[in-house]
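In: sequence and predicted structure, then a few things I'm wondering about:
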Number of protein chains: 2
Amino acid sequence: MAKIAPLSGFPELLPAARVVEREVIASLAHTFELHGFANIETRVVEPLDRLAKGGEVDKEIYVLRRLHAAADEDAGVGLHFDLTVPFARYVLEHAGHLEFPFRRFQIQPAWRGERPQEGRYRQFTQADVDIVGRDRLSFHHDIEVMRVMVDALDALPIPPVSFQFNNRKLIQGFYRGLGLPDVTAAIRTIDKLDKLPAERVAELLVSDAGATPEQAQRCLELATIRVPDTSFVERVRALGVEDELLDEGLAELAAVVEGCAAGEHRHVTVEANLRIARGLDYYTGTVVEIFMAGYERLKSVGGGGRYDALATDGRTTYPGVGVSFGVSRTLIPLLADGVLAGSRPVPSAVLVAVTNEESRTQSDVIATALRARDIPCEVAPAAQKFGKQIRDAERRGIPYVWFSNADGGHEVKDIRSGEQVAADPATWAPPEEDLRPQVISNEETTP
Amino acid sequence: MAKIAPLSGFPELLPAARVVEREVIASLAHTFELHGFANIETRVVEPLDRLAKGGEVDKEIYVLRRLHAAADEDAGVGLHFDLTVPFARYVLEHAGHLEFPFRRFQIQPAWRGERPQEGRYRQFTQADVDIVGRDRLSFHHDIEVMRVMVDALDALPIPPVSFQFNNRKLIQGFYRGLGLPDVTAAIRTIDKLDKLPAERVAELLVSDAGATPEQAQRCLELATIRVPDTSFVERVRALGVEDELLDEGLAELAAVVEGCAAGEHRHVTVEANLRIARGLDYYTGTVVEIFMAGYERLKSVGGGGRYDALATDGRTTYPGVGVSFGVSRTLIPLLADGVLAGSRPVPSAVLVAVTNEESRTQSDVIATALRARDIPCEVAPAAQKFGKQIRDAERRGIPYVWFSNADGGHEVKDIRSGEQVAADPATWAPPEEDLRPQVISNEETTP
């Protein structure tokens, strides 16, 4: 069998990097649970008709077929490409067993058959929090769910993160108040501001969205408003457009920005950025995109918003609000750049040396005693010379080696300092920071 | 949109059941890490030629195809059907970055397109521990890896579990010493003892494996030996067969049984059961199957063994030993039968009541104070009458409701006892057992 090449778009982590991913996932889950969000996992497949409804992403769906089925006979299911479609289906399928508003978090992989590039993978892990109501869902949940993600990302050992909020009612109300003939086309066009120069977008607003040059100018003026507080309200008012929906959007956005900026944050900042639109049709109020300092090339590392119809079964409609964080999109570049690393690839804090194969059982007894006090350890694989056993521990990142003397005494060596002290397996413990692998954060290496 | 039917073979858990699954997975991971096993996750897809090599399972593989690819043009990859094939590939692909013996655990879903039934699902989660060496792997790792799984399952809140060990060298040596012409055929035939009566198996040994009736009788005698200690050695010796490989197998099996039975176990028992063969060709020494009391109908809930060539790249061979536990196969029936349940479907220990919408921010401040001390809580979704807010908490299983008085004082009510006491958000905490959802084990309901 030949050497194995990696599969493009399916990144895999070595054990030390996986330490980082697990710690990040555990930290996210901890914050989500502090806010009362229940964890669920959905099956990875959904019926094709449910996946394909989104329309714009259907070409990236992976369809399943049993190997020995006929070549053109697929299983009618595909891998989910996000966690929103399966969550909507989960809510519909299990509604009778859920209490609403239902608050859930979900951290799972998703799959898209698109061309792989940095930050875009064919298999990638996402972390989503959503609150979904039955028939109705109060606006204050918008603030609540966004705050949860602010707190969650603030607790992570990643570079500074910026939450950029807008509100679809604000945009729609402004465009309507301005008298634009095709509000939807205008939103789609403004959404191109990060790819095209402003003058070109203004031209497109005229040609594609039926705006006058003066209206196009106003749209651009709205889109350039970007402030870290609620001063955007005054600036929008100064543009002189009057509309009820605009008023509602301004009030909602001000409440979200104020609510999310409140409290002490280590490295999360919050802004109102009035060019954020999020192209997807289903957003109806709050929208957010999340960016990471030094990694603007990844575009957003998360996003979300309010949708008045997350799901519907014809009789009942389930409005929702949620936000998603791209775990793989964020971590894989940070790991590749050395911004984050695991302190060691093994959980073991101690390698129990073996004097000779006849006394292996005695080493096992010591390991058992350490484990009984929650100290991860392993017994040396071979009774080699102690120097060799110490070098093995060093190479694997295990900080301590345990020796048993012929007279029944014990010593433990910190192989970093070389210090070796007498120790009792019933009482000795390593310092807390050596007990488990840690995440090492080198934020200064951020490009 | 119509009501949604579940997808057969793809079970999904409601939040309270998911509490149980997460606790079980966390407990397994904790034990594996105490023994120095590093966690990895592999991508869910493997190249088809790697998946199909196993031969006997290839018809159950799910192949991937991009939705808009031609109908007969698949992506050349399929979903893994176990965690051994991807682990073998991971070892080959990343060998240059791993230290051997490499000890890893992996807890992930796998997929098989077979007909669903109780304990057999199309998507199911497994927990695997393996130790893999480069070129060589000492026998003592057989004992080590089996002990890890003994400890891991002993710590779970499940019914009693039995580890039934055998050794392929023992069987092969016995058959060879007996002079059987086709040892492989004989092993395959003896493996049918759990489906066919002994006389029928004896006939098949004669007709399919070329045994004499006397040899067939001895094979059956070997297969009926089942003891909880090393007394099998004497009983096998009494059958009068001499063979070097048999001697080796007897010594290995005795060491595994002795090593795994040592120490105190809550509900794990260990046996030598000389009819356990495990049909798969790649086992070369220790084999094990795990059964759960009251759930014999599931067949084994786990199994594994020694393979002298887990992986090879032509120049280097990687021998391994490992054991797998069927998380879904075990938990889904236990959850369905009510043997296990989650104590509540939400992480929140406290619902902070809202007096009126104007004072919601004050309730948020209390929630923030509780969360700062790691107490999961949520703020009531609506400022309804307190009686209604209490009933909401009750329905959702949240044990405490927090009230703020107009005078700035606070009270917290245990809604189970009805007791309501003054409380300070900076110091009050619920009892440890109420802090997070617990796994409730009703082992007496085991059928």
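Out: Okay, I see it.

In: all helices for chain A, in order.
Out: A:15-34, A:48-52, A:84-94, A:140-154, A:168-178, A:183-190, A:198-209, A:213-223, A:232-237, A:244-261, A:327-336, A:360-372, A:386-396, A:432-435 (DSSP state H).

In: of all these, which one comes closest to B:Glu221?
Out: helix A:360-372 (32.9 Å; CB to CB). (C-beta placed from N, C-alpha, C; glycine too.)

In: any chance of TSV for the helices of chain A, columns distance to B:Val129 and mean neighbour count?
Out: Output for those, formatted as TSV (distance: least, CB to CB, whole Å; neighbours: other CB atoms under 10 Å in any protein chain shown):
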stretch	distance to B:Val129	mean neighbour count
helix A:15-34	14	20
helix A:48-52	35	17
helix A:84-94	30	22
helix A:140-154	31	24
helix A:168-178	50	23
helix A:183-190	52	20
helix A:198-209	57	16
helix A:213-223	55	18
helix A:232-237	55	17
helix A:244-261	43	20
helix A:327-336	25	21
helix A:360-372	15	19
helix A:386-396	17	16
helix A:432-435	21	13
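
In: tell me which of those helices lies nearest to B:Leu298.
Out: helix A:84-94 (25.2 Å).

In: for chain B, what are the nearby residues on the stretch 301-447 of chain A?
Out: A:312-314, A:345-348, A:357, A:360, A:368, A:371, A:374-379, A:381-382, A:392, A:395-396, A:436 (CB under 8 Å from any CB of the partner chain).

In: out of the residues you listed, which are inside strands?
Out: In this view, these that belong to strands under DSSP state E are A:Thr312, A:Cys377, A:Glu378, A:Val379.

In: buried among these? Make that a ChimeraX selection.
Out: This is the ChimeraX syntax for the buried subset of those, where burial follows 16 or more other CB atoms under 10 Å in any protein chain shown:
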select /A:377,378,379
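
In: with the ones in strands among the residues of the stretch 301-447 of chain A next to chain B in mind, which one is nearest to chain B?
Out: Nearest to chain B among these: A:Glu378, at 3.2 Å, using CB to the nearest CB.

In: pLDDT score for the closest one?
Out: A:Glu378 is assigned 97 on the pLDDT scale.

In: and chain A, what are its domains?
Out: Chain A breaks down into these domains under automatic domain parsing: A:12-158+A:302-343, A:160-293, A:350-429.

In: how about those domains in CSV, adding distance to B:Tyr282?
Out: CSV is the format used below for the domains of chain A (distance: least, CB to CB, whole Å):
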stretch, distance to B:Tyr282
domain A:12-158+A:302-343, 21
domain A:160-293, 45
domain A:350-429, 22
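
In: to B:Val339, which of those lies closest?
Out: Nearest of the domains of chain A (CB to CB): domain A:12-158+A:302-343, 19.3 Å.

In: ok so, going back, so which of the helices of chain A comes closest to B:Gly133?
Out: Once the helices of chain A are compared by CB to CB, helix A:386-396 is nearest, at 13.3 Å.

In: output the closest one as CSV, restricted to C-alpha atoms.
Out: Extracted C-alpha coordinates of helix A:386-396, given in CSV (Å, rounded to 0.1, in the frame of the first residue of the first chain):
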residue,chain,number,x,y,z
PHE,A,386,15.8,4.9,32.9
GLY,A,387,17.5,7.5,30.8
LYS,A,388,15.7,6.1,27.7
GLN,A,389,12.4,6.1,29.6
ILE,A,390,12.9,9.7,30.6
ARG,A,391,13.7,10.7,27.0
ASP,A,392,10.6,8.9,25.9
ALA,A,393,8.5,10.9,28.4
GLU,A,394,10.2,14.1,27.2
ARG,A,395,9.5,13.4,23.6
ARG,A,396,5.9,12.9,24.3
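
In: show me what it is in contact with.
Out: A:344-346, A:348, A:351, A:353-354, A:380-381, A:384, A:399-401, A:403, A:413, A:415, B:99 (CB atoms under 8 Å, 6 or more residues apart in numbering or on different chains).

In: same question for stretch A:211-229.
Out: Residues contacting stretch A:211-229 (CB under 8 Å, 6+ apart): A:164, A:171, A:174-175, A:178-181, A:186, A:190, A:193, A:198, A:201-203, A:205-206, A:232, A:235-236, A:239, A:241, A:257-258, A:261, A:269-275.

In: also stretch A:358-378?
Out: A:346-355, A:379-380, A:383, A:398, A:402, A:404, A:410, A:425-426, A:428-430, A:435-436, B:33-36, B:103, B:140, B:263.
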